[in-house]
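# With the sequence up front, the predicted model follows.
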Amino acid sequence: MGLVYKPDHPDANENGLIDRSQLYYEKGQAAYVITDEMPETRHMADNRMYTSKAKFREATRAHGCIEVGNETATMLKPRQPVKPDRRKRVEDIKRAIYEIRNR
């Protein structure tokens, strides 16, 4: 006997659990399980090897880092376009030419 969390199922108990034997899946359907395991990966902040995603993320937060892809709040914020300053651009080009010629 195994219990599965299906709170919207009509036979679910007060905790939203249902006996696994009461569920069936049509051909091609199945539950998708994401495990905590991952291939052994070296963490760049502490140089340790991890096989647990949760432990890896815990170490990331402990060292004050973020995972690339977690910063959705900053990604959703529209960027302000940079107004080109013609005078600064001309000065930068002149300086670059001068540096190349006078190496």
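Arrived safely. Residues are numbered from 1 along each chain as shown.
# Secondary structure class of Glu40, three-state.
With DSSP: H, G, I helix; E, B strand; the rest coil as the basis, Glu40 sits in strand.
# Show the contacting residues for it.
Shown in contact with Glu40 (Cβ atoms under 8 Å, 6 or more residues apart in numbering): 49-51. C-beta here means a position set from N, CA and C on the backbone, and glycine is covered the same way.
# Sort out which of those residues are in helices and list them.
Under the assignment DSSP state H, the contacts of Glu40 contribute nothing to helices.
# What is the nearest of the residues you listed to Lys83?
Checking those against Lys83 by Cβ to Cβ gives Tyr50 as the nearest, at 45.0 Å.
# if we can go back for a sec, quick one: which of the contacts of Glu40 has the most company?
If you count neighbours using other Cβ atoms under 10 Å, the busiest of those is Tyr50, which has 19 neighbours.
# That one contacts Pro39, correct?
No. Using Cβ atoms under 8 Å, Tyr50 makes no contact with Pro39, being 9.8 Å away.
# Contacts only, for Gln80.
No contacts exist for Gln80 under Cβ under 8 Å, 6+ apart.
# And the strands in this protein, which stretches?
Under the criterion DSSP state E, the chain contains strands at 3-5, 17-19, 37-42, 49-52.
# Mean pLDDT and distance to Ile97 added to the ones you listed, as a markdown table?
Converted to a markdown table, these look like this (pLDDT from 0 to 100; distance: least, Cβ to Cβ, whole Å):
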| stretch | mean pLDDT | distance to Ile97 |
| --- | --- | --- |
| strand 3-5 | 84 | 67 |
| strand 17-19 | 87 | 73 |
| strand 37-42 | 93 | 44 |
| strand 49-52 | 95 | 50 |
